[in-house]
Every structure is written in C-alpha cells, then in structure tokens.
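# Let me see the structure of the following:
(one chain, ligands or ions: 1)
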Amino acid sequence: MSQTLSHSAHLQAAPTDPRLLYCDLMKKVLTRHAFGETWKRYQPRPGTLRSAAYESGRWLLNRGGLELVLRSQYDPQARAEGRDWPADAETMIGLQRLDNLQDCLTDVIEDGVPGDMIETGVWRGGAVIFMRALLKAYGVDDRTVWVADSFRGLPKPDPSRREDTEDALWKEHQLAIPLEQVKANFQRYGLLDEQVQFLPGWFADTLPTAPLDRIAVMRLDGDLYDSTMVALRSLYPKLSPGGYVIIDDYHSVRGCKQAVDDFRAEHGITSELRQVDWTCRYWRRTA
Ligand SMILES: C[S@@+](CC[C@H](N)C(=O)[O-])C[C@H]1O[C@@H](n2cnc3c(N)ncnc32)[C@H](O)[C@@H]1O
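From the prediction side, this is the model:
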C-alpha cells in the first residue's frame, strides 16, 4: 500500500486493536466469507411466463409459510476474489478489494486528507456499509459516505458504444436493488444515520450536481464506459490531493478500462495505476 501500513501490516502490528477486529469481522460478514451461502431464493426473471406462473401459485407457498429456494454452489476462493454474484451477501467485491478500501480509508484519515467517501454503483450496499463502519470504528464524525446508484440496475447502453453492448448487464434484474433494500442493509448493521447520504438516479443526472464539495476516496463500480466516465468527470475535480480513486472493474470490463484510460490521457494523469487483484486498480492523486 502507500506510505502507511497496509491493513495486514496493521493487523500484525496491533492484532488486538478493536477497530481492526471490527473491520475484519465486517468484511467477512458482508461477503459471507465467514460462513458461506448454501441456498438462494428462487426468483424467476420478472415479466416472463415462468415468473407469472410462479407468482400465481405463490399463495400456496405463503399459506404453508414456505419459500422456494435453490441450492447454491459456494466457492470460498471465488468469493474471496470477488468473482461470483452472491446469493445473499451485501457485496460482490470480495476480500482483497475490501482490504484495499480499508487501506485507502485509513490512509486518508491518518494523513488528514480532507473530504468525503463515495461509491458510484453500490448494488446491495456492502462496500458503502463497510466505509461507514470504518468511519465509526475510527470515531470520524465529520465525513459523509455518499451512496450513488439508480437502485434499478444499469442503464441500457448507448448502442454506438460497442464496449458496453457486449455484456447486456442492463438486462440483469439481479443488479437492480431498490433503495429501501439498501437502506435496510445499512440498518441491519446499525449504520444508517446522517453520515450516510443517498444519490438515487442515473449518474448522468445525479453526479454532475451532487452536493458534495470535497472527496477523499472515490470508488467507481458502475461497470460501463459512460457510467465510469461521468463519475470521473463529475467527481475527480473534487478529489483532494492525496485522495484515492478506486476502479472496481478495470480489468474485467472493457468499457470501464477504456473510460479510465481515456480520462487519464485527457487529463495527463500519470500516477501509477496500482493493482488490487485480478480486476481492480487504483491510484492516488498527487496534485
Ligand atoms: C456491479 S454493481 C456494484 C457492486 C457493489 N459495488 C458491491 O459492493 O457489490 C453495479 C451497480 O452500478 C449501478 N449503475 C451502473 N451504471 C449506473 C448509472 N449510469 N447510473 C446509476 N447506477 C448505475 C447498478 O445499478 C448496480 O447497482
């Protein structure tokens, strides 16, 4: 990690520090790495015949207090590396990317880098819940965690953007998590308070006018070229020197990488793009 200790080094230096123990537990719970996932609720794609048939017979299940579930193949290695879409966990980014988030947050706190934290593309909210947990553990009460998402999945990409049309992620109903569910997930950990602010809507509508002045850590996880580019254009000018930009999907999503490469070239950014894991990259703003 940067100039300060990495999270694992922190652990070695102070293995009984309750802040680190709490963060460690939160990471294992938010990913479900601590106890795995053995089943997932059966949810046919909305709007399909199968879904209509299932919904019409649901009363029978309800009457018996039953739920239809599917057995889930849980692979602890894939989960740690953020390579699967969890059935129940609040985040899909895995343990290494949560370690990196922890390192970035503790760096800016310890170095006094001013600003808030934001994630653009939160899904069930696990990474932003972790940000709020860490601020609480470190007694930081003057920074806000901003939670930006449509809360209805990815937008349909611009058809001329070939990088973004390949994956058809906008059709994935599993990526559409309503705002109320994300709030409930924060609540589950006792972390929904005034230091958490929501920016519901498409990034193109919310980010350019988002009412945050300074940013210390911006984590981008919107997958698409346009989702990544609008976040960089809107938020990077507010990033403090010494602040971090984290790009979740740099190596796994072509449009995301292209947007980052284009933005860095346009702005002459030469700060080293550092590797977190098989896909995530980050850099620290120097000036
Ligand atoms: C891969 S998920 C994020 C995973 C999450 N960071 C985690 O911790 O598991 C991508 C999210 O980005 C959101 N998203 C992508 N593009 C968007 C856009 N242009 N406007 C609003 N939300 C967007 C989707 O709704 C989805 O929740």
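# which parts of the stretch 51-200 of the chain sit against the ligand?
Residues of the stretch 51-200 of the chain that fall close to the ligand, judged by CB under 6 Å from any ligand atom: 91-93, 119, 121-123, 126-127, 149-150, 153-155, 175. Placement of C-beta: from N, CA and C, glycine included.
# In the stretch 51-200 of the chain, what residue comes closest to the ligand?
Using CB to the nearest ligand atom, the single residue of the stretch 51-200 of the chain nearest to the ligand is Gly121, 2.8 Å away.
# I figured that residue was touching Ala148, is that so?
Yes. Between Gly121 and Ala148 there is a contact under CB atoms under 8 Å: 7.4 Å.
# if we can go back for a sec, in terms of model confidence, name the weakest of the residues of the stretch 51-200 of the chain next to the ligand.
Within these, pLDDT reaches its minimum at Pro155, with 89.
# Looking at Gly121 and Ala148, which one has more neighbours?
Ala148 (29 against 22; other CB atoms under 10 Å).
# Can you give me the end-to-end span of stretch 145-159?
33 Å (CA to CA, to the nearest Å).
# list the buried ones in it?
Neighbour-count burial for stretch 145-159, counted by 16 or more other CB atoms under 10 Å, picks out Val145, Trp146, Val147, Ala148, Asp149, Ser150, Phe151, Arg152, Gly153, Leu154, Pro155, Pro157.
# Keep only those of the residues you listed that are in helices.
Among these, DSSP state H puts none in helices.
# mind putting those in TSV, distance to Tyr236 included?
Formatted as TSV, the buried residues of stretch 145-159 follow (distance: CB to CB, whole Å):
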residue	distance to Tyr236
Val145	18
Trp146	14
Val147	19
Ala148	14
Asp149	19
Ser150	21
Phe151	24
Arg152	26
Gly153	25
Leu154	21
Pro155	21
Pro157	22
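# And Thr3, what's its pLDDT?
Careful, residue 3 is Gln; it's not Thr. In this model, Gln3 is scored at 38, pLDDT.
# Gly36 too?
85.
# Which parts of this structure are helices?
Under DSSP H, the chain gives helices at 7-13, 18-30, 49-63, 76-80, 94-111, 126-137, 162-165, 179-188, 203-206, 225-235, 254-266.
# Please name whichever of the ones you listed is nearest to Tyr244.
helix 94-111 (4.2 Å; CB to CB).
# orientation of that closest one relative to helix 126-137 in degrees?
Angle, helix 94-111 to helix 126-137, by axes from the mean of the first three to the mean of the last three CA atoms, to 10 degrees: 40 degrees.
# Give the other helices and strands that helix 94-111 contacts.
On a contact count with 3 or more CB pairs under 8 Å, 6 or more residues apart in numbering; DSSP states H and E, helix 94-111 meets helix 7-13, helix 18-30, helix 76-80, helix 126-137, strand 215-220, strand 239-247.
# Can you give me the buried ones in that helix?
Buried-residue list, helix 94-111, by 16+ other CB under 10 Å: 94-109.
# now the end-to-end length of stretch 67-78.
In stretch 67-78, first residue to last residue: 27 Å (CA to CA).
# Can you list the buried residues in it?
Buried positions in stretch 67-78, judged by neighbour count with 16+ other CB under 10 Å: Tyr74.
# Domain parsing of the protein, as residue ranges.
The chain resolves into domains spanning 7-32+87-284, 39-71 when parsed by automatic domain parsing.
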